[in-house]
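Undergrad: Kindly return the folded structure for what I paste below:
(2 chains)
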Amino acid sequence: MGTIVENIFSEKFGETARAGDVVLVDVDLAMAQDGTAPLAINAFKQMDMDIAHPERLALIIDHIAPSKSEGASELHIMMREFAREHGIKLYDVGEGVCHQLMLENHVEPGQLVIGADSHTCTYGAVGAFATGVGSTDMAAAFATGKLWFKVPQTIKINLTGQTKQNVSAKDIILKLCKKIEADGALYKALEITGPTTKNLTIPSRATLTNMAIEMGAKTAIIQPDKKAEEFTGAKAPDWVMADDDAEYVREIDIDVSSLEPQIAVPHQVDNVHDITEVEGTKIDQVVLGSCTNGRLEDLEAATRIVSGRQIDDGVRFLVFPASKSVYMDAIDKGVVQTLVDAGATVCNPGCGPCPGTHMGILAPGEKALATTNRNFKGRMGSTEAEVYLGSPETAAYTALNGVITTEDD
Amino acid sequence: MNFEGTARTYGDDVDTDAIIPGKYKFDTLDMNKLARHAMEGIDPDFYNRIDEGDIIVAGENFGCGSSREQAPLVIKHAGISCVVAESFARIFFRNAINVGLPIIQIPGISSKVDEGDELKVDVENGVLENLTKNESYEGEEISDFMLIVLGEGGLPNYIKNRGDFVWPTK
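TA: Numbers count the residues shown, from 1 in each chain, chains lettered A, B, ... in the order given. As a prediction, this is how the structure comes out:
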């Protein structure tokens, strides 16, 4: 019998599909962003076809929003014209990060979603099978409405225990990256379950599923429950669940109750340590935001720590709300005011410096602490810069002290 | 589909930011321009020192990270004929086939090939011959579908020629 992913593929395929089977299926939703859509548009034009289902597509300008150069502006125009010509929904500058917009506005439990962005696996937070593809696969889906998939084997992750204060979903997923390693889930799906998972909010679950790709996984998925239904406004189909006798390629139990704040040190996401091992490292820039940790609860977690205090003189604290909706809620709740009062620079919704294009690029020798998902060499600017990855709580304490820490000074 | 060329060797987890840094890729779709920055994050002199037809040989998880298709495209446009790795990140694997960059997986290959070795690769059968060391290594054959896509120069031509995917039911 099937895992959640096998059961979703069986439903879409119309007959039983199991790990290893290669299936051609309809795609419920497809998304491309400004780093991938222009190449997809070019590939689509080469195919000499019509768009199969424009209503199932979204194009999102988030990676360089606003544009940083004439070249980027031209690529944005290409996306706008293509969307207008074919009646495709386009989210323009200021709307937010693609994955947050897809979660807020489109994705429903049980859907099969592709995105031309590796972190598309985020939508497993609401019980969708969602995976990242490249631009040409995206173009093929534009043209045919379909894509082929090899049904992945599944690794089951069972999370138990209650985290300590100042330990959150980001610390859990960093610990898992360390355990599984950067290629440990290659070609596989993660099914994240257990009492801890059930207790997490949808935004926290999205922090977990977002980083599945950092272990090489094709996707991560969490069985949808009432929280997922309330978040998406859609009923979860009864087939989005694992059977009792589902077969897993590996099972991993993690008790999070003794977990300390975690940090990924340069230059690999699986190079994860207890924060105490690097405590005191001088930091030049703190980045709070991205599709991993730019949601309201992340901003609120940081706000609780910096409220009424001042960030260190030697650090730049950049905040990027994940979407316009997050930004507006943060304004309404006084979060933006508190962050700016403390010395943070709150920027427009979007990817910010995470993909290394603009707004906070690091110079040689600089060090950043970011709540983003990658610390590859050269990712946020210079190849001689260093990026550490941590939680919103760690980001806030580090901004206050100018050095990596989770303590008050 | 056979290639002969000189080995350019790398280790595990060569990520897409190393293959094409984000700071370049958002400005242009001209792959010949972007190719000058290919592998820059890990090997700044790559573009100037390689010859047309050279073969990349790497460790595990080659192409991990971003879904950016510019990664296999710049490798192809820089003049690399084929990439051999112990394993590939899955999005890179699909992207490479889709844009017509031949790749094969051979477990353990990185310890058997040295920088500068002369290699011969048979993509269809997943075999690499090391002409310098006079050794031969067998890897994984790629699927018939992928061979067809590679043979037609990538997925856009495949779709254009058929108007759809042509697929066995299971």
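
Undergrad: Any idea how many residues pack against residue 54?
TA: Since you didn't name a chain, this refers to chain A. Burial of A:P54 is recorded as 14 neighbouring residues (other C-beta atoms under 10 Å in any protein chain shown). Bear in mind the C-beta positions are built from the backbone N, C-alpha and C, glycine included.

Undergrad: meant chain B actually
TA: Neighbours around B:D54, by other C-beta under 10 Å: 20.

Undergrad: Same question for A:K324.
TA: When neighbours are counted by other C-beta under 10 Å, A:K324 comes out with 18.

Undergrad: which residues does it contact?
TA: Residues in contact with A:K324 (C-beta atoms under 8 Å, 6 or more residues apart in numbering or on different chains) are A:94-96, A:349.

Undergrad: go on, A:L299?
TA: By C-beta under 8 Å, 6+ apart, the contact list for A:L299 reads A:288, A:319, A:321, A:326, A:330, A:335, A:339, A:392.

Undergrad: Spell out the secondary structure type for it.
TA: What DSSP: H, G, I helix; E, B strand; the rest coil gives for A:L299 is helix.

Undergrad: State the distance from it to B:G65.
TA: 26 Å (C-beta to C-beta, to the nearest Å).

Undergrad: ok, now A:T371?
TA: Remark: distance between A:T371 and B:G65 (C-beta to C-beta) = 18 Å.

Undergrad: thinking again about what came up before, max pairwise distance over the contacts of A:K324: which two?
TA: Using C-beta to C-beta, the two most remote members of the contacts of A:K324 are A:G94 and A:G96, lying 7.6 Å apart.

Undergrad: How many neighbouring residues does residue 51 have?
TA: Let's take chain A. 18.

Undergrad: oops, I was thinking of chain B
TA: Neighbours of B:D51 using other C-beta under 10 Å come to 10.

Undergrad: now swap in B:F145 and tell me
TA: By other C-beta under 10 Å, the residues close to B:F145 number 16.

Undergrad: helices and strands around the helix or strand hosting it, which ones?
TA: B:F145 belongs to helix B:144-151 when assigned by DSSP states H and E. Contacts defined by 3 or more C-beta pairs under 8 Å, 6 or more residues apart in numbering or on different chains; DSSP states H and E place helix B:144-151 against helix B:90-99, helix B:155-162.

Undergrad: tell me the strands in the stretch 1-150 of chain A, going along the chain?
TA: In the stretch 1-150 of chain A, the strands defined using DSSP state E, counting those that start in this stretch lie at A:22-26, A:29-33, A:57-60, A:89-91, A:112-116, A:129-132, A:146-150.

Undergrad: Report the angle between the fifth one and helix B:90-99.
TA: Strand A:112-116 runs at 70 degrees relative to helix B:90-99, counting by axes from the mean of the first three to the mean of the last three C-alpha atoms, to 10 degrees.

Undergrad: Give me the below-cutoff pLDDT ranges for the chain.
TA: Going with chain A. Chain A contains residues with pLDDT under 70 at A:409.

Undergrad: oops, chain B please
TA: B:168-170.

Undergrad: Run through the strands of it in chain order.
TA: Per DSSP state E, chain B carries strands over the ranges B:2-9, B:55-58, B:82-85, B:103-105, B:118-122, B:127-130, B:135-138.

Undergrad: and the fourth one, how far from the chain's centre?
TA: Chain-centre distance of strand B:103-105: 7 Å, with C-alpha atoms, centre = their mean, to the nearest Å.

Undergrad: how close does A:V113 sit to B:R36?
TA: Using C-beta to C-beta, A:V113 is found at 35 Å from B:R36.

Undergrad: Who has more neighbours out of these two?
TA: A:V113 (24 against 14).

Undergrad: Name the residue closest to the centre of chain B, please.
TA: B:V83 (3.4 Å; C-alpha atoms, centre = their mean).

Undergrad: correct me, but that one touches B:Q105?
TA: No. Look at B:V83 against B:Q105 with C-beta atoms under 8 Å: they stay out of range, at 9.8 Å.

Undergrad: which residues does A:N375 contact?
TA: With C-beta under 8 Å, 6+ apart, A:N375 has these contacts: A:264-269, A:386-389.

Undergrad: Check the gap between it and B:M39 for me.
TA: 19 Å.

Undergrad: again, but for B:N98
TA: Plainly put, B:N98 is 20 Å away from B:M39 if you go by C-beta to C-beta.

Undergrad: Neighbour count: those two, which is higher?
TA: More neighbours surround B:N98 than the other of B:N98 and B:M39, with 27 against 24 (other C-beta under 10 Å).

Undergrad: Could you name every residue contacting both of B:V83 and B:Q105?
TA: In contact with both B:V83 and B:Q105: no residue, using C-beta under 8 Å, 6+ apart.

Undergrad: re earlier: please identify the most buried of the helices and strands packed on helix B:144-151.
TA: Among the helices and strands packed on helix B:144-151, the stretch with the highest mean neighbour count (mean count of other C-beta atoms under 10 Å in any protein chain shown) is helix B:90-99, at a mean of 27.

Undergrad: is chain A contacted by it?
TA: Yes. Shown here: helix B:90-99 in contact with chain A (C-beta under 8 Å from any C-beta of the partner chain) through B:90-91, B:94-95, B:98-99.

Undergrad: which helices and strands does that helix pack with?
TA: helix A:135-144, helix B:70-78, strand B:103-105, helix B:144-151, helix B:155-162.

Undergrad: who does the shortest one pair up with?
TA: Strand pairing for strand B:103-105, determined by DSSP bridges: strand B:82-85 (parallel).
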